[in-house]
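A.B. asks: my questions are about this predicted structure, shown below with the sequence.
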Amino acid sequence: MASKSAAMSQGGAEAWADWEREHAELVQRATGPQRALLEAAVQFIAAIEAQPILLRMAAFFLLNTGIGLTTTQVGAAVGRTDRAMRTVQALSAHGLVESIWNGLGRHRQPKLRAEHAGPIAKYLVEHPKCTQAEVVAFVATEWKIAIDVQTLRRFFKTYGLGVLRAERTGRSEAERPFCWGAPTSEGPFS
């Protein structure tokens, strides 16, 4: 274990020496605290072996240290372009987390979930003439979830809630507002 730490610290020291030679102009323009932070950052980057998520997090934290590191300095330290660092610098902490989720190939969780379908269906049955804007207002007051009408339409289509609303375009009450099924019958279920 000690030999691995020694090898890693030696690799970090070598990485710093190489980086310092390659970016001598950036090191000269840096203040004392900036140089120390850049050295630690370059050694850290050498230790994590270029993991993209950790690189993005390290760049975000370096840009938000408050000691005035420029996007050029941080980009050189993490091995990315100045332009990429300006993008990272523009992120909020929430934006950083979102970009990491996107980098992992995962999507945000939807605002409306399956457990919301029942109460929304009840609301639609109790208010048969309500508008989409009224349903959006119901969702906002009931669960403090802000959605738009398009999100509501997708939710209706996903959970089949469109059968509970009559379209205002002259269709009969028995027709579904979406074109993917037969009209509902009022007979008993078999």
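C.D. replies: Yep, that arrived.

A.B. asks: low-confidence stretches in this structure?
C.D. replies: For the chain, the stretches flagged by pLDDT under 70 are 1-10, 50, 105-108, 164-190.

A.B. asks: which parts of it are helices?
C.D. replies: Secondary structure of the chain, counting by DSSP state H: helices at 2-22, 24-29, 32-48, 52-63, 71-78, 82-89, 93-103, 117-126, 132-143, 149-159.

A.B. asks: between those helices, which gets nearest to K111?
C.D. replies: Counting by CB to CB, K111 lies closest to helix 149-159 out of the helices of the chain; the figure is 6.8 Å. Where you see a C-beta, it was placed from the backbone N, CA and C, and this is true even at glycine.

A.B. asks: before we move on, the earlier item: can you say which of the helices of the chain is packed in most?
C.D. replies: Ranked by mean neighbour count, the helices of the chain are led by helix 71-78 with a mean of 22 (mean count of other CB atoms under 10 Å).

A.B. asks: so what touches that helix?
C.D. replies: 19, 23, 26, 30, 34, 38, 41-42, 45, 55, 58-59, 62-63, 81-82, 84-86, 89 (CB atoms under 8 Å, 6 or more residues apart in numbering).

A.B. asks: can you count the residues close to E115?
C.D. replies: 8 (other CB atoms under 10 Å).

A.B. asks: relative to A59, how far out is it?
C.D. replies: Distance of E115 to A59, computed by CB to CB, to the nearest Å: 38 Å.

A.B. asks: need the CA coordinates for stretch 103-120. PDB is fine.
C.D. replies: Output of stretch 103-120 as PDB, limited to C-alpha atoms (Å, rounded to 0.1, in the frame of the first residue of the first chain):
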ATOM      1  CA  GLY A 103     -22.900  12.400 -19.100                       C
ATOM      2  CA  LEU A 104     -23.900   9.200 -17.400                       C
ATOM      3  CA  GLY A 105     -26.600   8.700 -20.000                       C
ATOM      4  CA  ARG A 106     -29.400   9.000 -17.500                       C
ATOM      5  CA  HIS A 107     -32.300  11.400 -17.700                       C
ATOM      6  CA  ARG A 108     -34.000  13.500 -15.100                       C
ATOM      7  CA  GLN A 109     -36.900  12.000 -13.200                       C
ATOM      8  CA  PRO A 110     -40.200  13.200 -14.600                       C
ATOM      9  CA  LYS A 111     -42.000  15.800 -12.500                       C
ATOM     10  CA  LEU A 112     -45.300  13.900 -12.700                       C
ATOM     11  CA  ARG A 113     -45.100  10.200 -11.800                       C
ATOM     12  CA  ALA A 114     -47.400   7.200 -11.800                       C
ATOM     13  CA  GLU A 115     -48.800   8.000  -8.300                       C
ATOM     14  CA  HIS A 116     -50.100  11.300  -9.600                       C
ATOM     15  CA  ALA A 117     -52.300   9.600 -12.200                       C
ATOM     16  CA  GLY A 118     -55.000   8.600  -9.700                       C
ATOM     17  CA  PRO A 119     -55.600  12.100  -8.100                       C
ATOM     18  CA  ILE A 120     -55.500  13.700 -11.600                       C
END
